[in-house]
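Colleague: Here is my input, please return the structure:
(chains A and B)
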Amino acid sequence: MSSASSNPSVAPASGGAAPGGPAPGLTPAALVRRLRPSLPKSGRSTLLATIAVGGLILGWWVLALVIDNPQMMPTPQKIAATIWENFTTTDPLGKTGWSYLLVTLQRIVIGFGLAMALGCVIGILMGISANAEGLFKPIVTTGLAIPAVAWVVLAIMWFGVTEWSGIFVVTIDILPYIVVSMWEGTKAVDRDLVSMSNVFGASRRQVWRRIYIPHLGPYIFSSIRYGFALAWKIVLIVEVFGLPNGVGSIFEYWYAQFNMTQVFAWTATFAIVIIVIENAIIGPARKYAFRWMPTGLSSGTRRPKGGV
Amino acid sequence: MATDAVLEIEGLDVAFDTGRREPQKVLEDISLTIPRETISVILGPSGCGKSTLLNVVAGLVAPTSGRIVAARRERPLETAYVFQNARLLPWLTVRQNIEFALQSRSVPKALWKERVEQKLELVGLTSVLREYPLRLSGGMQQRVGIARALAVEPDLLLMDEPFSHLDEISAKALREETVRICQTSRVTVLFITHDMSEAAFLADTIYMMRSNPGRIAHRVDVTLPRPRSFSDPALYELQGSLATEFYDLIDAQEERHAA
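Modeller: So this is what the prediction gives:
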């Protein structure tokens, strides 16, 4: 796993630093300071991300050399080669990595999409109606307290190892988090803006379209980011418990054969997929949605207080 | 009712039900007349009910008793608000913010473009149509707020301490703009402030209020010629006498409370 896959433009910087380690007296902070005058803000955060990922890989590599036992800790090079092989050739079961990945991604997208839709409706209702708040609050609190594994076991008892159990577990486990986020978001709407719209006589439709929905944008994005990462983790549990054809099942297959290299390779694959989705889809969408924020604030998830 | 008045208020009382036995009286026996194309200023300490009065005029709060008579009886009085903070929608551009108000007031879409451009020009902002509010200074945001209120072409422009959050230089410039706009565009303004010099500079008529319950204590007609200057000794003198009356009122009130 290398940062070069997501950020080819900065690969030389990490390639230079990783094998030899940082030059004496040149801490990451000093490196950033030195480069700052020529770096725009986004360039600096890219550099920091590269340093972080490069540091992780370097640490892993050193650890693998010290342990010197590929069965416990394979080297990064070995893992990279294995991932490449997984996605370019067929495995002993006659499938490529893409096949597992697509099945799992599909489960995540459906479960996550359902949770997002339901969560927005319930959360917004709770934010605008005291009755809905009173009704759903205890349910949401209970939902937050139930561990994902409990849902997995229940779902398998109810639905068997079918697609339904996968989707059900993903939806039901993420739902409370999204509800809480949207609930808080709705309550935090700027009352001054709502009263302004009343003074001008705005219709209910206009108030929703022009105030509530844009205001909820940051909350929706943080729900997406959080819910998506959570969905990954949960669907894997269901798949390890027996739901076939997904990443979890191949993960479990290699684990049963004590093939540490493959277990590592698939773990690294999850991380790469999350990073790619975050940077290629969620990041640019956020940037577009928050283009109204002054530069420097648009990287935060909460909008600054309006006015003044 | 005088034919040149936009609005006439007679014996207005407002009381809020606070859950206690007696409703709390906020405004008592308010009577005033707002002549067309003038600036009327309500000057009073915080909590005297000035903003409530503005909300009654805007139709947001119903009076307990008394009459509000709009000059054009064939339709309700059309008002527009300029708030203490600009209250612009940060995710909409300047143009879209003004269009939000136009749409809210059901102004035909064909008129939007001209209205937006004309009113922005009036407040001295033409190059910011596509800007987002948070990229503008506080003073510029408030100018957009004024342009938005003017865009609906109200019978009466309500301004609730609109410059109190601005730095003194921006506030001074905007006071001058307000007077200029009022004179050139035949706008009628009801302006709320607790700032004596602001009242003296802007007003044709000043209504000084006292609190608990809010009542009009004095009416001062300001006849100084326009354009007025902040360095004019006559203005300075007026401001001084307003201050004397203002603090006398507050002192009298505190004595009553102590007694």
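Colleague: And the pLDDT at A:Gly18?
Modeller: Not quite, residue A:18 is Ala, not Gly. Looking at A:Ala18, its pLDDT is 36.
Colleague: Then the one 3 residues further on?
Modeller: Listed pLDDT for A:Gly21 reads 38.
Colleague: cool, and A:Arg205?
Modeller: For A:Arg205, pLDDT reads 94.
Colleague: what residues are up against A:Pro100?
Modeller: One correction, residue A:100 is Tyr, not Pro. A:245-247, A:249-250 (C-beta atoms under 8 Å, 6 or more residues apart in numbering or on different chains). (Each C-beta comes from the backbone N, C-alpha and C, glycine too.)
Colleague: The residues you listed: which ones sit near chain B?
Modeller: With C-beta under 8 Å from any C-beta of the partner chain as the criterion, these include none near chain B.
Colleague: of all those, which comes closest to A:Ile124?
Modeller: Among these, A:Gly246 lies closest to A:Ile124 (C-beta to C-beta), at 32.2 Å.
Colleague: From what I see, the closest one and A:Thr104 are in contact.
Modeller: Yes: using C-beta atoms under 8 Å, A:Gly246 is in contact with A:Thr104, at 4.0 Å.
Colleague: which intervals of chain B have sub-threshold pLDDT?
Modeller: Where chain B drops to pLDDT under 70, the residues are B:1-3, B:72-74.
Colleague: mind listing the strands for it?
Modeller: Along chain B, the stretches classed as strands by DSSP state E are B:5-16, B:24-35, B:39-43, B:65-70, B:79-82, B:156-160, B:189-193, B:205-210, B:215-221.
Colleague: export those strands to a markdown table and tack on distance to chain A and mean neighbour count?
Modeller: Below are the strands of chain B laid out as a markdown table (distance: least, C-beta to the nearest C-beta, whole Å; neighbours: other C-beta atoms under 10 Å in any protein chain shown):
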| stretch | distance to chain A | mean neighbour count |
| --- | --- | --- |
| strand B:5-16 | 17 | 18 |
| strand B:24-35 | 18 | 18 |
| strand B:39-43 | 18 | 25 |
| strand B:65-70 | 16 | 14 |
| strand B:79-82 | 5 | 24 |
| strand B:156-160 | 9 | 23 |
| strand B:189-193 | 14 | 24 |
| strand B:205-210 | 22 | 22 |
| strand B:215-221 | 24 | 16 |
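Colleague: quick one: low-confidence parts of the stretch 51-200 of chain A?
Modeller: For the stretch 51-200 of chain A, counting by pLDDT under 70, not a single residue falls below.
Colleague: Measure how buried whichever residue of the stretch 1-150 of chain B sits closest to chain A is and give me the count.
Modeller: Closest contact between the stretch 1-150 of chain B and chain A, by C-beta to the nearest C-beta, is at B:Asn85 (3.2 Å). When neighbours are counted by other C-beta atoms under 10 Å in any protein chain shown, B:Asn85 registers 20.
Colleague: who's in contact with stretch B:27-39?
Modeller: B:2, B:4-14, B:40, B:49, B:52-53, B:56, B:63, B:66, B:71, B:156, B:178-179, B:182, B:186-191, B:202-205, B:207, B:213-216, B:219.
Colleague: can you check stretch B:199-211 too?
Modeller: B:32, B:35, B:38-45, B:47-50, B:175, B:178-179, B:189, B:191, B:193, B:215-222, B:228, B:230, B:235, B:238-239, B:242, B:245-246, B:249-250, B:252-253.
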